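# Turn this into a model:
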Amino acid sequence: MKSVIVALLATVAMAAPAAELEVARQVTTKTVPACACINAAGDTTTGACIYGNGAIAVLDGKQYCYPHTARLEERTPSLYTPSECANGYPLFPLSSCKTVTVCVEADGWYRLC
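Numbers count the residues shown, from 1 in each chain. The predicted structure is shown next:
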């Protein structure tokens, strides 16, 4: 009987940390802009994204840049204005922004949900 009680107590003791860990893994979601420079054919470029300005999301078969931290949320659309696109990517002089839902990790980083 003692061994059954010990086994039950051990199971309960191991389950409690697992439940706490599951709560710690829960993340919140939010909607953020995902932008790109585009050309007349609808092709996109996200060149500025690779310089630490975000991460790539594929939307409708095209690449868009979304911010990977809160500090980049306001910056992302400003990188992809028509004037920025025309100056930085003459073959992609237009801009397009869409929204994506990201999961906000405990460390503050965003990832696509």
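# Quick check: residue 84 touching residue 78?
Yes. Using CB atoms under 8 Å, residue 84 is in contact with residue 78, at 7.2 Å. For glycine as for every other residue, the C-beta is placed from the backbone atoms N, C-alpha and C.
# pLDDT of stretch 87-95, averaged?
The predicted model assigns stretch 87-95 a mean pLDDT of 96.
# can you give me the strands for the chain?
Ranges of strands within the chain are 28-38, 44-45, 55-59, 62-66, 94-104, 110-112, based on DSSP state E.
# Residue 84 and residue 78: which has the busier surroundings?
Using other CB atoms under 10 Å, the more surrounded residue of residue 84 and residue 78 is residue 84, with 16 against 10.
# how much space between that one and residue 54?
Separation of residue 84 from residue 54 (CB to CB, to the nearest Å): 14 Å.
# buried sites along stretch 32-49?
Buried residues in stretch 32-49, defined by neighbour count with 16 or more other CB atoms under 10 Å: 32, 33, 34, 35, 36, 37, 38, 44, 45, 46, 48, 49.
# list the contacts for the fourth one?
Shown in contact with residue 35 (CB atoms under 8 Å, 6 or more residues apart in numbering): 46, 64, 65, 66, 76, 77, 79, 80, 95, 96, 97, 98.
# what's the distance between it and residue 42?
14 Å.
# neighbouring contacts of stretch 49-56?
46, 63-68, 72, 75-76, 79, 110-112.
# how about 7 Å then?
Residues outside stretch 49-56 that contact it (CB atoms under 7 Å, 6 or more residues apart in numbering) are 46, 63, 65, 66, 67, 68, 72, 75, 76, 79.
# ok, so of those residues, who is nearest residue 89?
Residue 89 lies nearest to residue 46 out of these, by CB to CB, at 9.6 Å.
# Of the contacts of stretch 49-56, select the buried ones using a ChimeraX command.
Buried residues within those, by 16+ other CB under 10 Å, are selected in ChimeraX with:
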select :46,65,66,67,68,72,76,79
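# The contacts of stretch 49-56 in helices, which ones?
When the contacts of stretch 49-56 are checked against helices (DSSP state H), the matches are 75, 76, 79.
# And the closest residue to the last one other than its chain neighbours, how close does it get to residue 105?
To tie it back to what came earlier, the one meant is residue 79. By the measure of CB to CB, 6 or more residues apart in numbering, the closest residue to residue 79 outside its immediate chain neighbours is residue 48, 4.6 Å from it. Counting by CB to CB, the separation of residue 48 from residue 105 is 23 Å.
# Nice, that's everything, thank you.
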